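**Student:** Build me a model:
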Amino acid sequence: MPVILCLETSTPVCSVAIASESGLLSLVEDVTENRHASHLTIYIEQALQQAGLNLQQVDAIAVSKGPGSYTGLRVGVSTAKGFCYALKIPLLGVGTLQGLALQMAPYVANEPKALLIPMLDARRMEVYNQLFNAYGNALGNAEATVVDSYSFLEILDEHTVYFAGPGAPKCSPVIQHPNAIFLPDIRCSASSLFAPALALLNNQQVEDVAYMEPFYLKDFVGTTPKKRV
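**Tutor:** All right, here's what the predicted structure looks like:
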């Protein structure tokens, strides 16, 4: 029965969970922004203490691999890689949008034909999104979409579609289709990473510790601050 340490840092939430097939063993998370670099290892230690475990009893580490915040993803992935290298255990990369879809799935348990579109904020009116069925299984690839009143129209004409996640609130005033339902207060959490991580582990779909990179979806473009006159 593998024990998996799960890390979620792709959004302002900094979340650490430990789980096994018997259930969630511990969860430590904080929604305060920009605390990933300073608090992630502290939360790992706290989660281990809550679960009554030490690092040597962890069988694998799962990390939310993106898309999401460039800085947050780098912190999470580099931390996971460092622990996996030192402990010589498997590294598992779970898509951030898949984790969000699994957070949404319990809300549509009685609607097996409904579809899920988790959303992450990509600034302005753009969101990272992906289509899932009611059980959290992916039906398409992650993509970046500039949202307007015509977005997702073909899907909405045929299905009830649930939207949620950090990018959803700014889209709800724009997407006014009667089949569009917005779920409030769905955020990224490491607690949703265990199930897909276990599937990856059982299928031996592990990441290369040396070469794994976050899935940014869009290239990072730096900007130079304007000089003050």
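**Student:** export the helix or strand containing residue 74 as CSV, just CAs?
**Tutor:** Assigned by DSSP states H and E, residue 74 falls within helix 70-87. Listed next in CSV are the C-alpha coordinates belonging to helix 70-87 (Å, rounded to 0.1, in the frame of the first residue of the first chain):
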residue,chain,number,x,y,z
TYR,A,70,5.4,30.0,-13.4
THR,A,71,7.0,30.7,-10.0
GLY,A,72,4.8,28.4,-8.1
LEU,A,73,5.3,25.5,-10.5
ARG,A,74,9.1,25.9,-10.4
VAL,A,75,9.1,25.8,-6.6
GLY,A,76,6.9,22.7,-6.4
VAL,A,77,8.7,20.8,-9.1
SER,A,78,12.2,21.6,-7.9
THR,A,79,11.3,20.6,-4.4
ALA,A,80,9.7,17.3,-5.5
LYS,A,81,12.8,16.6,-7.6
GLY,A,82,15.2,17.3,-4.8
PHE,A,83,13.4,15.0,-2.4
CYS,A,84,13.0,12.2,-5.0
TYR,A,85,16.6,12.4,-5.8
ALA,A,86,17.7,12.2,-2.2
LEU,A,87,15.3,9.5,-1.2
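**Student:** Now the residue sitting nearest the centre point of the chain: phi and psi?
**Tutor:** The centroid of the chain falls nearest to residue 96 when counting by C-alpha atoms, centre = their mean (2.5 Å). Dihedral pair for residue 96: phi -60, psi -40, per degrees, to the nearest 10.
**Student:** so what does the helix holding residue 74 touch, helix or strand wise?
**Tutor:** Contacts defined by 3 or more C-beta pairs under 8 Å, 6 or more residues apart in numbering; DSSP states H and E place helix 70-87 against strand 4-8, helix 36-51, strand 60-64, strand 91-94. Glycine gets a C-beta too; all of them are placed from N, C-alpha and C.
**Student:** who touches that helix?
**Tutor:** Contacts with helix 70-87, where a contact means C-beta atoms under 8 Å, 6 or more residues apart in numbering, come from 5, 7-12, 14, 36-37, 40-41, 44, 55-56, 58, 60-67, 89-91, 93, 209, 212-216, 220.
**Student:** same thing but at 6 Å, please
**Tutor:** Residues outside helix 70-87 that contact it (C-beta atoms under 6 Å, 6 or more residues apart in numbering) are 7, 9-10, 36-37, 40, 61, 63, 66, 91, 209, 214, 220.
**Student:** before we move on, what about stretch 145-162?
**Tutor:** Against stretch 145-162 from outside (C-beta under 6 Å, 6+ apart): 104, 108, 114-117, 125-127, 129, 171, 174, 177, 179-181, 183.
**Student:** domains in the protein, as residue ranges please.
**Tutor:** When the chain is parsed with automatic domain parsing, its domains come out as 4-96+188-202, 97-182.
**Student:** end-to-end on the last one?
**Tutor:** Domain 97-182 has its terminal residues 16 Å apart, counting by C-alpha to C-alpha, to the nearest Å.
**Student:** quick revisit: possible to save the domains of the chain as CSV with mean pLDDT?
**Tutor:** What follows is those, written out as CSV (pLDDT from 0 to 100):
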stretch, mean pLDDT
domain 4-96+188-202, 96
domain 97-182, 97
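**Student:** just the ones you listed: most buried one?
**Tutor:** Counting by mean count of other C-beta atoms under 10 Å, domain 4-96+188-202 has the highest mean neighbour count of the domains of the chain, with a mean of 20.
**Student:** Quote the end-to-end distance of it.
**Tutor:** In domain 4-96+188-202, first residue to last residue: 12 Å (C-alpha to C-alpha).
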